[in-house]
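Enquirer: Sharing a model prediction with you, sequence too.
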Amino acid sequence: MLWAAEVLPRKENKMKLWRVTYPGETPKLVSLDKEDGPLSELSLGETGRGRRNIVIPIMGNSGENVRVKVTRDTGHVIVRGDWPEKDDRCLAIINTVGSYDRYQKYGIFDASGVKELISGQYAFGAAGRVNGGPETLALVEPDAEFRLNNKYSSTWYRWTGREWVVESPSERKARLALEAVKVGEGEWL
C-alpha cells in the first residue's frame, strides 16, 4: 500500500519543515506557530551519557517557509520568511530511532539526494550503554529517497518535491519494476 503525507495546497512550492517522528511513520508538516507564539528553536537528540542534544535557533516571526543558514564557526540557524523564488526542496527532521533492539543499527541508509546538516543522538538504556541513533536535520532534494530501520522491518521514504511517499521494501521494489517496464526494460518470458 502506497500512501503520501500531506500535499502542499499552493501551486508554487516553497521550502517547508517536515518531521519523521519514528521509522515507519508518515512525515508531518511542522507548524512554526504555537499557541504561545512562534517556535523559537528546534532540539535534536537528547541530553545524557551516550547522547547528544543539539539546539537550532529559529529566526523570524512570520511565514511558513524556511531556509537554513550555516555560520563558519557557530552552527546552523533556521530562518522563516516568504521568499519569492520557488524551491522544491524541503527540510526534514528525521528521527532514526525505532523501538529498542540490541542488534539493530539506526541511521539514514541508502540515501540519495539527502544532505545531512546536523545531528543529535538518542540512546537506549541507563547511561546510554546500548545502541541508539541520530536525529538529523537534513536538506532533501526532489526525488530524494532513504531508508530507515525499526525493530522488525525497514521503511523507504521519497520526497517528490511536493509530497512524501512512504513504502515498504516490497512496495518500493514493485514500483521500481513497473517504472523499468514502462521505459522498455525487461525481457519477455
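Expert: Received, thanks.

Enquirer: Show me where the chain has its helices.
Expert: Using DSSP state H, the helices of the chain run over 169-182.

Enquirer: Averaging pLDDT per element, find the lowest-scoring helix or strand in it.
Expert: Scoring the helices and strands of the chain by mean pLDDT, DSSP states H and E places strand 3-4 at the bottom, with a mean of 50.

Enquirer: biggest strand in this protein by residues?
Expert: Scanning the chain for the longest strand, with DSSP state E as the assignment, gives strand 130-149.

Enquirer: and it with helix 169-182, angle?
Expert: 30 degrees (axes from the mean of the first three to the mean of the last three CA atoms, to 10 degrees).

Enquirer: in its sheet, what does strand 130-149 sit against?
Expert: strand 90-95 (antiparallel), strand 109-124 (antiparallel), strand 154-159 (antiparallel) (DSSP bridges).

Enquirer: Looking at those, spot the one closest to V165.
Expert: strand 154-159 (4.5 Å; CB to CB). (C-beta placed from N, C-alpha, C; glycine too.)

Enquirer: nearest to D33, of the strands paired with strand 130-149?
Expert: Using CB to CB, those put strand 90-95 closest to D33, at 16.4 Å.

Enquirer: which other residues reach that closest one?
Expert: 15-23, 27, 30, 42, 44, 66, 68, 78, 108, 122, 135-140, 146, 148, 159 (CB atoms under 8 Å, 6 or more residues apart in numbering).

Enquirer: If any of those are buried, put those into a PyMOL selection.
Expert: Here is the PyMOL selection string for the buried members of the contacts of strand 90-95, based on 16 or more other CB atoms under 10 Å:
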select buried, resi 15+16+17+18+19+20+23+27+30+42+44+66+68+78+108+122+135+136+137+138+139+140+146+148+159
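
Enquirer: how close does W159 sit to E187?
Expert: 32 Å (CB to CB, to the nearest Å).

Enquirer: let me redo that: G45
Expert: Going from G45 to E187 by CB to CB gives 49 Å.

Enquirer: So for these two, which sits in the more crowded spot?
Expert: G45 (23 against 4; other CB atoms under 10 Å).

Enquirer: So for that one, what's the pLDDT?
Expert: pLDDT recorded at G45 is 89.

Enquirer: now it, nearest residue through space, not along the chain?
Expert: In this structure, G45 finds its nearest non-sequential neighbour in G120, 2.0 Å apart by CB to CB, 6 or more residues apart in numbering.

Enquirer: now E64
Expert: Closest residue to E64 apart from its sequence neighbours, by CB to CB, 6+ apart: L32 at 6.0 Å.

Enquirer: circling back: residue contacts, the residue nearest to G45?
Expert: G120 makes contacts with 43-46, 51-54, 134-136, as judged by CB under 8 Å, 6+ apart.

Enquirer: P23 too?
Expert: Counting by CB under 8 Å, 6+ apart, P23 touches 95-98, 106, 148-150, 154-155.

Enquirer: try it again with 7 Å
Expert: Residues counted as contacts of P23 (CB atoms under 7 Å, 6 or more residues apart in numbering) are 96, 98, 148-150, 155.
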